[in-house]
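Q: Sequence isn't available, so here's the structure alone:
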Ligand code: NAP
């Protein structure tokens with residue numbers, strides 16, 4: 001399990017995001033939940049959007065129980081019309097959308113030779129199409145209000161060959177391209193478009209995704225003994241620990257703050273140095 005980390009300590013001033021409205025896709029679990037929690041702690045009203053009521057209700061309940069502002073909306077980011085309707089509804093209710101966090105994803109290991117068209121399509125539609133649909137939908141609102149910020153969640157696995165992840169690496173490479181292109185295209189509207197590439201963070205979602213097919217010969221790190229997991233974190237990651245959702249949330253908060261005013265088109269690797277050090281699979 002992740003060691004306790006200083007990254008979990010509060011580092012931003014209270015009220016930093018007072019009055020802001022943030023829409024976080026997949027914000028009810030894992031990294032997205034960490035992002036939702038920190039943005040709300042810093043004063044933003046966070047609207048969490050994903051498919052499952054149990055994720056949405058639990059996240060909003062936990063955030064509001066601490067006295068912060070959050071609400072939920074049911075959304076499948078693959079549904080273009082629904083994305084547009086939800087974004088318009090959020091803007092109508094709150095008067096603005098300052099920050100969109102594209103965090104929803106659905107990744108899993110699968111051999112490329114037998115990957116079904118449906119599996120390929122599903123991952124591309126959630127990770128890449130969903131990111132584009134949501135980003136395109138907030139454009140008119142952010143342009144009309146004089147600016148806004150988009151932060152998408154990428155990964156580092158496509159920086160080199162990563163077997164069994166053709167679908168997710170293709171989708172995330174597309175997100176990187178989208179980030180750079182939209183950053184330039186929408187800079188005149190003062191819409192900053194950035195991405196974060198997290199390293200390994202043992203959320204429930206990633207534990208499921210990293211459970212490779214039994215016959216693939218790929219070791220399932222997260223099903224290994226606790227001791228081996230801890231050893232991998234100590235020796236495989238230069239900074240010696242797993243990441244936490246708060247590590248990523250801190251970068252989102254930084255980009256959402258005035259410190260991010262002159263940053264656009266950047267893809268921030270937040271991974272303890274893992275991808276640079278990791279031997280090829
Ligand atoms: P996670 O807990 O499985 O989160 C994925 C979220 O996406 C869930 O809240 C899920 O909520 C939502 N979602 C899935 N399909 C959706 C859809 N069609 N429409 C709307 N929402 C949908 O995974 P995580 O580990 O926190 O990952 C979060 C992000 O970080 C992902 O983009 C992932 O690729 C990226 N990332 C993670 C790691 C890591 O090590 N954890 C590393 C690199 C990158 P519902 O089920 O309620 O829809």
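A: Perfect, I can see it now. A quick note: this is a predicted structure, and the numbers were derived from the prediction, not measured.

Q: So which bits of the lengthiest helix in the chain are buried?
A: In the chain, assigned by DSSP state H, the helix with the most residues is helix 166-185. For helix 166-185, the neighbour count (16 or more other C-beta atoms under 10 Å) marks 166-169, 171-176, 178-180, 182-183 as buried. The C-beta positions use only the backbone N, C-alpha and C, and glycine is treated the same way.

Q: So it, near the ligand or not?
A: No. Applying C-beta under 6 Å from any ligand atom, one finds helix 166-185 separated from the ligand by no less than 6.7 Å.

Q: neighbouring contacts of that helix?
A: 102, 105, 107-108, 110, 112, 115, 119-120, 123-124, 126-128, 131-132, 135, 150, 152-155, 157-158, 162, 191-195, 197, 209, 264-267 (C-beta atoms under 8 Å, 6 or more residues apart in numbering).

Q: quick one: which of these sit in strands?
A: Among the contacts of helix 166-185, DSSP state E puts 102, 150, 152-153, 191-195, 197, 267 in strands.

Q: Just flag the most distant two among the residues you listed.
A: Farthest-apart pair in those is 191 and 197; separation 20.5 Å (C-beta to C-beta).

Q: So for stretch 59-75, first residue to last residue, what's the gap.
A: 15 Å (C-alpha to C-alpha, to the nearest Å).

Q: wait, I meant stretch 14-30
A: Distance between the two ends of stretch 14-30: 23 Å, counting by C-alpha to C-alpha.

Q: what angle sits between the longest helix of the chain and strand 191-198?
A: 150 degrees (axes from the mean of the first three to the mean of the last three C-alpha atoms, to 10 degrees).

Q: tell me what the helix-or-strand element of the chain with minimal mean pLDDT is packed against?
A: Lowest mean confidence among the helices and strands of the chain (mean pLDDT, DSSP states H and E): helix 204-209, at a mean of 77. The helices and strands touching helix 204-209, judged by 3 or more C-beta pairs under 8 Å, 6 or more residues apart in numbering; DSSP states H and E, are helix 30-41.

Q: what's next to the helix it packs on, contact-wise?
A: Contacts for helix 30-41 (C-beta under 8 Å, 6+ apart): 10, 12, 17, 20, 22, 24-28, 46, 48, 50, 59, 62-63, 66, 68-70, 99, 101, 103-104, 153, 198, 201, 203-206, 244-246, 248-250, 252-253, 256.

Q: swap in stretch 80-92?
A: The contact list for stretch 80-92 (C-beta under 8 Å, 6+ apart) reads 21, 23, 47, 49, 73, 75-77, 97, 129-130, 133-134, 137-138, 141.

Q: Which ones among these also lie next to the ligand?
A: 75-77.

Q: Once you drop chain neighbours, what's closest to residue 75?
A: residue 49 (4.0 Å; C-beta to C-beta, 6 or more residues apart in numbering).

Q: Now do the same for the one you found: helix, strand or coil?
A: With DSSP: H, G, I helix; E, B strand; the rest coil as the basis, residue 49 sits in strand.

Q: Could I get the pLDDT score of it?
A: Per-residue pLDDT puts residue 49 at 99.

Q: count of neighbours near the residue nearest to residue 199 when sequence neighbours are not counted?
A: Sequence neighbours aside, residue 271 is the residue nearest to residue 199 in space, at 2.4 Å (criterion: C-beta to C-beta, 6+ apart). Using other C-beta atoms under 10 Å, residue 271 has 24 neighbouring residues.

Q: tell me which of the ones in strands among the contacts of helix 166-185 is nearest to residue 277?
A: residue 197 (14.9 Å).

Q: what sits opposite that closest one in the beta ladder?
A: Note on residue 197: beta-bridge partners by DSSP bridges are residue 269.
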